[in-house]
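Enquirer: Build me a structure from this.
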Amino acid sequence: SSTLPTNNNSYFYPSVSSGFVVSDAFRSASIFNKGRVSFLKLRANWANVGSDEDPYQLAFTYTPLTQQTDIYTFNQQFPFNGASAFAATNVIPPANLRPQRQNSVEFGTETRFFNDRLGIDATYYQTRNYDQIVSIAVPQSSGFSARRLNVGQISNKGVEFQVTGVPIASAKPDGLRWDVGLNYNSNRNVVDKLAPGLSEFVVTSGDGFGIFVAARPGTTFNIQGVGFARDTITGEYLINPANGLRIQGGRKLFGNIFPDWTGGVTNTVSWKRVALSFLVDVRKGGVFLSQTTSQLRSSGLAAETANRDRFIQDGVIRNPDGSTRPNDVQVASVQQYWGNLDNSVSPENNIFDASFAKLREASLSFRLPERWVSKIGAASGVWSFEGRNLWLISSKVPHVDPEANVLGTGLIGEGIERNVLPSTRTFGLNLRLVF
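Expert: So this is what the prediction gives:
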């Protein structure tokens, strides 16, 4: 690849994939020929994939400017008085860059039972991404804001299951039929190592208060920020005896942004020409930071701030001799209490369990009679009414969608929400014709 240094510009990416259909090889066995196991396949594959850098990243480059705006100039157009302008890169060009690689191995099985009435597809995988090419922040006193380098190694391993079943199936072509599909996915992500001299890699920032998603060797991607101080013996919050509010502590990890597992269930019930189907999605685990919730609470707009009576919050007060006693001091005011829980002090009160269950979509369809669609030359037709993002069945995140994030889909914004637009619920009519 011409985008890599000449001494590292070639890479080999082999792969091996294999499959064995056991049910075909041993069809005479009673377990197969009597339909108890309709189909059994074993599969395995291994691959090592390489990729290169974006073009023109190896050299110190200048980019022509047609307009420039900064603190002293506004929309300055170029050329200016016949002089052109160029902007220098703010990224230190990489030296001795290597291609980034991914090594993966996967084992799986596909099995169907009872004449295909029950099916199970199971997969175990491991992937190792190493020599990843990323930008690392550097002090701007250097004249640059970042440098590109091979940063380290990240591993993922997990399982995937998909179960399909037909609990009810009438012998009649248009009889009652019920199809069910279940899926389950669990992945463990670990940052194995970073580049020499790099103890932490910041993925994204949540706001201007030092809240960010970062990775350290031996851990995964965690939300980090300043927490509230706690008593080392009891684990209770330390309370300021002067105002009854929590005391700010040091920087801490608030939790993994990724779920422990995700899953879903799809149901389709059909009878004659009518079919009803719906999909429920579930996420379990992970944490979520909501800036919207923080601002609603600190400004007194959230429902939970309606009670303005002063109270004593849970916690302990440290006595002059080092011992502690249960908090006995009322908060100075409810307004100060909620202001103390704002992200500008600590995000700890606005970190939530990201688990949820959603009715993702549902549809009711009607298969049009052939004599209707044949009049327009169509072979078949289906009329359906569909809805998406219909019901947040369960969530531990107040006021916002637990799937919202600061920069849209993808790792760079996952786990942090900041003043995003509300999720939309959509409905639609769909006519599908096959000619």
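Enquirer: Output the below-cut-off pLDDT ranges for the stretch 201-350 of the chain.
Expert: Scanning the stretch 201-350 of the chain for pLDDT under 70 picks out the ranges 206-209.
Enquirer: For the host helix or strand of W383, which helices and strands make contact with it?
Expert: Here W383, judged by DSSP states H and E, is contained in strand 380-395. The contact analysis (3 or more C-beta pairs under 8 Å, 6 or more residues apart in numbering; DSSP states H and E) places strand 380-395 against strand 356-367, helix 370-373, strand 426-434. Where you see a C-beta, it was placed from the backbone N, CA and C, and this is true even at glycine.
Enquirer: same for the second one, what does it pack against?
Expert: Contacts of helix 370-373 with other secondary structure elements, assessed using 3+ C-beta pairs under 8 Å, 6+ apart, are made with strand 380-395.
Enquirer: The next helix or strand after the strand holding W383: how far from the chain's middle?
Expert: Using DSSP H and E, the helix or strand that follows strand 380-395 in sequence is strand 416-417. Put simply, strand 416-417 sits 11 Å off its chain's centre (C-alpha atoms, centre = their mean, to the nearest Å).
Enquirer: State the mean pLDDT of strand 416-417.
Expert: Taken as a whole, strand 416-417 has a mean pLDDT of 86.
Enquirer: So which elements touch it?
Expert: Contacting strand 416-417 under the criterion 3+ C-beta pairs under 8 Å, 6+ apart are the following elements: strand 287-290, helix 291-298.
Enquirer: From V382, how far off is the residue nearest the centre of the chain?
Expert: The chain has E414 as the residue nearest its centroid, 4.9 Å off, counting by C-alpha atoms, centre = their mean. Look at E414 and V382: by C-beta to C-beta, to the nearest Å, they are 36 Å apart.
Enquirer: try F12
Expert: Applying C-beta to C-beta to F12 and V382 gives a distance of 49 Å.
Enquirer: I312 now?
Expert: Relative to V382, I312 is positioned 62 Å away (C-beta to C-beta).
Enquirer: Compare the two (neighbour count), which wins?
Expert: Comparing I312 with V382 by other C-beta atoms under 10 Å, the one with more neighbours is V382, at 16 against 13.
Enquirer: So what's the residue count around the closest residue to the more buried one other than its chain neighbours?
Expert: With sequence-adjacent residues excluded and distances taken as C-beta to C-beta, 6 or more residues apart in numbering, V382 is closest to R432, at 4.8 Å. When neighbours are counted by other C-beta under 10 Å, R432 registers 12.
Enquirer: In contact with R432, which residues?
Expert: G381, V382, S384 (C-beta atoms under 8 Å, 6 or more residues apart in numbering).
Enquirer: from the residues you listed, which is closest to F278?
Expert: S384 (12.7 Å; C-beta to C-beta).
Enquirer: can you list contacts of stretch 33-51?
Expert: 11-23, 27, 31-32, 99-116.
Enquirer: try 6 Å this time
Expert: Here stretch 33-51 makes contact (C-beta atoms under 6 Å, 6 or more residues apart in numbering) with 11, 13-23, 31, 99-113, 115-116.
Enquirer: do stretch 105-112 as well
Expert: Stretch 105-112 is contacted from outside by 38-46, 119-126, using C-beta under 6 Å, 6+ apart.
Enquirer: ok, so what distance separates T324 from F311?
Expert: Distance of T324 to F311, computed by C-beta to C-beta: 20 Å.
Enquirer: could you say which helix or strand contains the residue nearest to P347 when sequence neighbours are not counted?
Expert: What sits nearest to P347 in space, not counting adjacent residues and going by C-beta to C-beta, 6+ apart, is G225, at 4.5 Å. Following DSSP H and E, one finds G225 within strand 221-228.
Enquirer: Tell me, what's the model's pLDDT at A59?
Expert: pLDDT, A59: 80.
Enquirer: Any idea how many residues pack against the closest residue to it other than its chain neighbours?
Expert: In space, not counting the residues next to it along the chain, A59 is nearest to P93; the distance is 5.8 Å by C-beta to C-beta, 6+ apart. By the criterion of other C-beta under 10 Å, P93 has 15 neighbours.
Enquirer: what's P93 in contact with, if anything?
Expert: L58, A59, F60 are the contacts of P93 under C-beta under 6 Å, 6+ apart.
Enquirer: what does V274 give?
Expert: Taking C-beta under 6 Å, 6+ apart as the test, what V274 contacts is F366.
Enquirer: looking at the sheet around it, what are its partners?
Expert: With DSSP bridges as the criterion, V274 is bridged to W271, F366.
Enquirer: No more questions from me, cheers.
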